[in-house]
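# fold the following.
(chains A and B)
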Amino acid sequence: MKEYRTVAQIAGPLVFVEKTEPVGYSELVNIVTADGTVKRGQVLDTSDEIVVVQVFETTAGIGRDSGIRFTGETIKMPVGKDMLGRILSGGGKPIDGGPEIVPEKRLEITGAAINPYARSSPEDFIQTGISTIDGTNTLVRGQKLPIFSASGLPHNDVALQIARQAKVPGSTEEFAVVFAAMGITREEANQFMADFEKTGALERSVVFLNLADDPAVERTITPRLALTTAEYLAFDLGYHVLVILTDMTNYCEALRQIGAAREEVPGRRGYPGYMYTDLASIYERAGIIKGVKGSVTQIPILTMPGDDITHPIPDLTGYITEGQIVVNRDLHRKGIYPPINVLPSLSRLMNLGIGEGHTREDHKKVSDQLYAAYAEGNDLRGLVAIVGKDALSERDRMFLEFADLFEDRFVRQGLYEDRSIEETLDLGWELLATLPEEQLVRIDRELIQKYHPKYRKKAQG
Amino acid sequence: MEKTNEKRAQGVLKRISGPVVTAVGLDAHMYDVVKVGNEELMGEVIKIQGENIIIQVYEDTAGIRPGEPVGNTGLSLAVELGPGLLTSIYDGIQRPLEVLVDKMGNFIERGVSAPGLSHEKKWEFVPTVKKGDEVKAGDVIGTVQETNIVHKIMVPPRSKGGKVKEISGGSFTVDETVCVLEDGTEIVMLQRWPVRVPRPVKEKLNPDIPLITGQRILDGLFPIAKGGTAAIPGPFGSGKTVTQQQLAKWSDAEIVVYIGCGERGNEMTEVLTEFPELEDPKTGKPLMERTVLIANTSNMPVAAREASVYTGITIAEYFRDMGYDVSLMADSTSRWAEAMREISSRLEEMPGEEGYPAYLAARLSEFYERAGRVVSLNGEGGSVSVIGAVSPPGGDFSEPVTQNTLRIVKVFWALDAKLSQRRHFPAINWLNSYSLYLDALNEWYDKEVSPEWNPLRAWAMGVLQKEAELQEIVQLVGSDALPDEEQVTIEVARMIREIFLQQNAYDAVDTFCPMSKQYDMMKAIKRYADLARTAQAGGATPQQVIGVKSKNELPQIKFIRDYEPELEKIMKDMEAEFDALRTV
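The predicted model follows:
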């Protein structure tokens, strides 16, 4: 392989190489520094005159004397069944002291888009055991449902609880977890690893670790390596794969860093204009394919800078993913775990996975009614602060009390409390029963008569 | 093709930067379709700068090197129009996704071309003109029963026309000649039309018939006319896609073109699984039979996303020319604008607002202007209604795409995250939304619904407006401090919101609400308001009036298909309750 020593310029993570033979766009590049270290990079722009290479590691040590080798192929990921149970670096190298991965296949890490025609509609209800997810923001297989959090909130606990408890009731199919860490601290990583080990989940997991002190540019490939692995496990080996990506905010920061180094015209808040497309190329790699056994379900985690949901990172994410679970600081301060605020949370695929034949016929309407009642009660809190409780009508007072009850009973649950969907829905009914029956306008009478505790007791008694 | 041979039809690649590549040594015109690299990826010329021909490529360019060949086809990006369009699902450049699965499996690889229509399938052609008839451009010469929809075969719009020399019925592929004119012109069922050029019409008319959607807040308060334009802006999670899908399902257009532009793959799958099972309330046939889907999901190439809206509207115009009412949903035009931004920034063009190209406004208005109610070349009346979703970053309506869209469209359905959070669906804000077609449509409502409808709508809007003012006071002093009369106004407004405006897209009955039922529901609420006022005048307290039990039964009406007996009973009970109030 030809080695060039024609580096013209180095700026941030970018190396500009002159006078090369034709080099392919997106090609993998090896850079050999003076002391013999080999660093990896990728072609970002190629022309007769100059080739722009983005280096995945630090550019320390790279100089005009470094040798540049173009490999002639795009970045590929070796995958194999023995990846399960392994811990890899953010660049895909084993870091658990074990042997190299024996590749059964080498796959392009960019991953082609699933043809929408080949997709099968996600409809298998995943029971996470968390009421605010199962009851009101249901997760289904093949969905991408991010957790929107902020610094200092227990999003990792929530993600772990989901990974621990997630199951499809009545199904015994094999499932696996792919965990990709981008720029998280060693401490956080340890929390995940310890929990995986304790619950035995590690054996059926593949872990990619790019920690806070690893090169930022490497973060841009970590989720792609993880998803390539997930797709292999799902669509080649038939596993149901849950992918946890954390923290997507760090990923986006890395994107911005590269954009700035390339002197691109920035979009909102300095993030590149193509960030939507770039994020979509990650998030869209979830789903189920017709006639293929496995599935890829994604739970990306991101921390909203300044708790701001309109910040470009959560904003663009929300436009691509199928809903979001929002972790809220106020609830956390009140000491409620999991501090999931259902009001801004949403699962777009919920309606496909609930109702008769999936969960229970009353699910949709109970969920709507809980939402509406909680929203109303929550609004009234602002009013009470101004006029006092006494100025409220009797109806308003009931809704106000409902909001407190909802947070205390429905939202709050233990770190290891695994509620079945029936328990969640019955709990919902129990809370709704504190409101007068005629206020339950979202639910038709038939369902009220079947499930409302008042009538159920009668039926049993 | 011979002509281009004299020119340089083959050049070489000089630079590759993502979806934008530069070629040299090639003669080309703007928007010529070119084949890029050894794999012949499809691209389009978007800029010419001296020797440099700048091309956007519709497929992934990874691995392509400088020095690879570029061939110019000399043709513009065009779609194939003819029998076989309906029930199809295409990517942004009209490659049928079903065929792509056969050709390259479950993932979209590159370098595969596939024609928009099947060139093998035979269609039963029935002539509607005979030998010796004079035909001109746009005239219908025969029909094909495509699904339950009759596909009309027309003389291409740019043809000179003439006397029919030969025409006969039978089984033909889209490439076989079905008609010969005296000057020797052969007419086939297939037409090709460049997507960036609007198809010609004889005349554009002003819209005066509403597009009935079965959605109460739309038909009732903010109607769109057939041939009109509407925008649905809203932050994520406010229900843009559900609203778009509801419109695609239930609007009384004869043909629906649905463009998933840079959106989610699973959502397109949902449409694909659901539509064949749903029935058109008018014909009882599967909805899919009248639908053409274009799915260029967010992770499919960005240049093809840019092209997808043009592909969609050209197909819509083609059916309009047959005399059909077509509605086109574009979800989401923001993703289309972002594709423009991305390409523009790769071209290193001077950016306008928020990095969008300076021609953003021009492109948006050109697109929406292709909507309209028209007299087509053959004298038939048809229409294209365009409903575009907008996804403003952070839900901020002051951003360029929303603002430039609002300057063009006549109907604005403002989605509101606050409403969706409390599960008020459709989450369309009744105070911010508007329809500029109201005056033009009044006459239709008078004639087709009831002369009482227009005043009833005005009354409802008045109550909702009043409620908004009162709520400000309530926020400060609590509802008990309001005068008696206004306490009832608040209750009536709540009924309008909860009974009329809220609609459950997932309930088998409530998902589509005919205009007559909308009228009955609103009339019932108004009747309550009138009875309440009379009772209050007679000395009843707000608590008594609000406590009327029978009105709590009204929401149930939504979920009952044959609702009339139940409604009648409720209204009877209501009158009785108010009578009782009076005697006390």
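# shouldn't A:Glu422 be in contact with A:Val366?
No. Counting by Cβ atoms under 8 Å, A:Glu422 does not reach A:Val366; the two are 11.7 Å apart. (Glycine included, C-beta is placed from N, CA and C.)
# among the two, which residue is more densely surrounded?
A:Val366 (27 against 11; other Cβ atoms under 10 Å in any protein chain shown).
# tell me the secondary structure for the more buried one?
Taken by DSSP: H, G, I helix; E, B strand; the rest coil, the conformation at A:Val366 corresponds to helix.
# give the contact list for it.
A:135, A:425, A:428-429, A:432, A:443, A:451 (Cβ atoms under 8 Å, 6 or more residues apart in numbering or on different chains).
# for it, give me the pLDDT.
Listed pLDDT for A:Val366 reads 95.
# any idea how chain A splits into domains?
Structural domains annotated on chain A: A:7-70, A:76-352, A:362-460, as defined by the TED database.
# of the contacts of A:Val366, which belong to strands?
Judged by DSSP state E, the subset of the contacts of A:Val366 located in strands is empty.
# show me the two of those that sit farthest apart.
A:Gly135 and A:Ile443 (14.3 Å; Cβ to Cβ).
# most packed of the domains of chain A?
domain A:76-352 (a mean of 21; mean count of other Cβ atoms under 10 Å in any protein chain shown).
# which residue sits closest to residue 73, ignoring its sequence neighbours?
Unless you meant another one, I'm taking chain A. Leaving aside its chain neighbours, A:Glu73 sits nearest to A:Leu28 (6.2 Å; criterion: Cβ to Cβ, 6 or more residues apart in numbering or on different chains).
# my bad, the chain I had in mind was chain B
Spatial nearest neighbour of B:Thr73, excluding adjacent residues (Cβ to Cβ, 6+ apart): B:Val33 at 4.8 Å.
# that neighbour belongs to a helix?
No. Assignment of B:Val33 by three-state DSSP gives strand, placing it outside any helix.
# surely it and B:Val70 touch.
No. B:Val33 lies out of contact with B:Val70 (Cβ under 8 Å); the separation is 11.3 Å.
# phi and psi next, for residue 289.
I went with chain A, as the question did not name one. Torsion angles at A:Ile289 (phi, psi; degrees, to the nearest 10) stand at phi -110, psi 140.
# ok, now which ones touch it?
A:114, A:118-120, A:235, B:106.
# show me those that map onto strands.
Under the assignment DSSP E, those contribute A:Ile114 to strands.
# quick one: which of the contacts of A:Ile289 is nearest A:Arg69?
Relative to A:Arg69, the closest of these is A:Phe235; by Cβ to Cβ it sits at 32.6 Å.
# so where is the chain shaky, pLDDT-wise?
Using chain A here. A:459-461 (pLDDT under 70).
# my bad, chain B
Looking at chain B by pLDDT under 70, you get B:1-6, B:584.
# domain ranges for it?
If you go by the TED database, the domain ranges for chain B are B:10-76, B:118-189, B:203-436, B:450-583.
# so what's the residue most central in space within chain A up against?
Chain A has A:Pro300 as the residue nearest its centroid, 1.2 Å off, counting by Cα atoms, centre = their mean. Shown in contact with A:Pro300 (Cβ under 8 Å, 6+ apart): A:144, A:146-147, A:244-246, A:248, A:282-283, A:317, A:321.
# same thing but at 10 Å, please
When contacts are counted by Cβ atoms under 10 Å, 6 or more residues apart in numbering or on different chains, A:Pro300 touches A:144-148, A:159, A:180, A:182, A:223, A:243-248, A:251, A:279, A:282-283, A:286, A:317, A:320-321, A:324.
# please name every helix or strand in contact with whatever helix or strand A:Ile258 lives in.
Taking DSSP states H and E as the definition, A:Ile258 sits inside helix A:248-261. Using 3 or more Cβ pairs under 10 Å, 6 or more residues apart in numbering or on different chains; DSSP states H and E, the elements in contact with helix A:248-261 are strand A:50-55, strand A:147-149, strand A:175-184, strand A:205-211, helix A:222-231, helix A:275-283, strand A:295-303, helix A:312-320.
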